[in-house]
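Enquirer: Show me how the following folds:
(4 chains)
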Number of protein chains: 2
Amino acid sequence: MRVNTPVDFGLMIRQARRARGMTQQELARAAAVGRQWIVAIEAGKPRAELGKVLQTLAALDLSLSIHGKGIPEVRESEDPIEVIDLQAVLDAHRRTSP
Amino acid sequence: MRVNTPVDFGLMIRQARRARGMTQQELARAAAVGRQWIVAIEAGKPRAELGKVLQTLAALDLSLSIHGKGIPEVRESEDPIEVIDLQAVLDAHRRTSP
DNA sequence: TCACAATGTAGGCGAACGGCGACAATTCAT
DNA sequence: ATGAATTGTCGCCGTTCGCCTACATTGTGA
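Expert: The predicted structure is shown next:
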């Protein structure tokens, strides 16, 4: 889902936290932040620091993607998809089951 | 592309800015932040405030998406995806590169 | 309904923010 | 090679952060 504002982040974090049955206290510990910081970010605090936001998303096993002109779809270092020689697979299949 | 750390944000912002032929000064004005703030965020400052980061992405016409368990794929109000006639695209491709 | 957990709020504290101006360093075109 | 544009760094300053403790509020289950 797209996130455009700090309020969006708050809603998403709260939703994901609840989906995992976590309390604010638990999430705070998992993300290494104070409990009131969770309260604040879930309320959409715009001046929250970026690093803690990312820590929190990670603690919730959420991932962020960025899109737009000039941004490649994937990074080299990102887990590459397996390369398959479709032709070879098909050939092999034809040989075994004609 | 996935972004996991503040450094990732910095790289993406710089890349998008250059892809648009903008100077740090111009981006700073467009995002309503100081020029030194752009310097800092592009360097990966972890304690930058969330709101300004989002302003900057908006100024670059970049969009953020969040994914994970408990997060719906799209929001009701989100702009619908373009409908593509795959068959037509494939037909055209076959004609140009048989 | 009642008690307890979960969540939201307030004040105090040291630390860091981000804007600004000024200056160095780097990049780039001519 | 040289000069301008772009980018990076420094210090000052008022503001805000985020953590903490403690207390108010809301929610939830027995």
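
Enquirer: ok, residue A:28 - how many residues close by?
Expert: 19 (other Cβ atoms under 10 Å in any protein chain shown). Backbone N, C-alpha and C define where each C-beta goes, glycine included.

Enquirer: what about the helix or strand hosting it, near chain B?
Expert: Using DSSP states H and E, residue A:28 sits within helix A:24-31. No - Helix A:24-31 is not in contact with chain B by Cβ under 8 Å from any Cβ of the partner chain; minimum separation 12.6 Å.

Enquirer: Okay, buried residues for the one helix or strand residue A:18 maps to please.
Expert: Here residue A:18, judged by DSSP H and E, is contained in helix A:6-19. Buried residues in helix A:6-19, counting neighbours by 16 or more other Cβ atoms under 10 Å in any protein chain shown, are found at A:6, A:8, A:9, A:10, A:11, A:12, A:13, A:14, A:15, A:16, A:17.

Enquirer: what's the angle from it to helix A:24-31?
Expert: Orientation check (axes from the mean of the first three to the mean of the last three Cα atoms, to 10 degrees): helix A:6-19 against helix A:24-31 gives 100 degrees.

Enquirer: what about helix A:6-19, distance to the chain center?
Expert: 12 Å (Cα atoms, centre = their mean, to the nearest Å).

Enquirer: Check stretch A:53-67 too.
Expert: With Cα atoms, centre = their mean, you get 4 Å for stretch A:53-67.

Enquirer: Check stretch A:59-77 too.
Expert: 9 Å.

Enquirer: Show me what counts as buried in it.
Expert: Residues of stretch A:59-77 classed as buried: A:59, A:60, A:62, A:64, A:65, A:66, A:68, A:71 (neighbour count, 16+ other Cβ under 10 Å).

Enquirer: Run the contact check for the helix holding residue A:18 versus DNA strand D.
Expert: No - Helix A:6-19 stays clear of DNA strand D (Cβ under 7 Å from any atom of the strand), getting no nearer than 9.4 Å.

Enquirer: ok now do the residue nearest the centre of chain A, which residues does it touch?
Expert: Centroid-nearest residue in chain A: residue A:63, 0.8 Å away (criterion: Cα atoms, centre = their mean). Residues in contact with residue A:63 (Cβ atoms under 8 Å, 6 or more residues apart in numbering or on different chains) are A:57, B:2, B:4, B:66, B:67, B:68.
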